[in-house]
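Enquirer: I'll drop the sequence and a predicted model, then ask my questions.
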Amino acid sequence: MPICRCSAQTSKSLKEFYTEVSSEDNSGVGGQQMLILIDMIDQLFVETALWGLTSHYDLVILPKDDWKSDWYVKVLASSFGEYRFEYLLPENKRPWKNAVVIGVATNLAEAKKYLLIAMLESEGWQGNTELKKLAEQYI
């Protein structure tokens, strides 16, 4: 199931947004790498609806179409082929308010693992059987 842009941001689809980013000079932001990541997400998640919200060039991945909901996972690609992941720790694991974990994947295979780890560890997709199966397969 393709990741869809949140309905609050209706001017462009995620792919249109990152295609535009890739055609501009954005000081190292990897619009083309984000398009590759979005394609990977679309192929990986067949049953799970995912929603994307762009914040500057970050892709915020949400479990529902609600821009006001808690964010759980953010990704930003560099033009050097790296993916910076950030995920929100669950409230019961936070040493302080809004504590996050940050990591950098250096290739798409690693990005797939980081994405699955971030989705699991953030607990934003609790009970999602497809995520659990993918994690068992790729992590």
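Expert: That came through, no problem. Numbers count the residues shown, from 1 in each chain.

Enquirer: give me the contact list for the host helix or strand of residue 52.
Expert: Here residue 52 is covered by strand 51-55, with elements defined by DSSP states H and E. Defining contact as Cβ atoms under 8 Å, 6 or more residues apart in numbering, one finds that strand 51-55 is touched by 3-6, 8-9, 14, 17, 38, 59-67, 71, 74. For the C-beta atoms, the positions are set from N, CA and C on the backbone; glycine is no exception.

Enquirer: can you select the buried ones among those for me in ChimeraX?
Expert: Here is the ChimeraX selection string for the buried members of those, based on 16 or more other Cβ atoms under 10 Å:
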select :3,5,6,14,17,38,59,60,61,62,63,65,71,74
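
Enquirer: from one end of stretch 48-58 to the other, what's the distance?
Expert: Start-to-end span of stretch 48-58 (Cα to Cα, to the nearest Å) is 21 Å.

Enquirer: centre of the chain versus it, how much separation?
Expert: Its chain's average C-alpha position is 6 Å from that of stretch 48-58, according to Cα atoms, centre = their mean, to the nearest Å.
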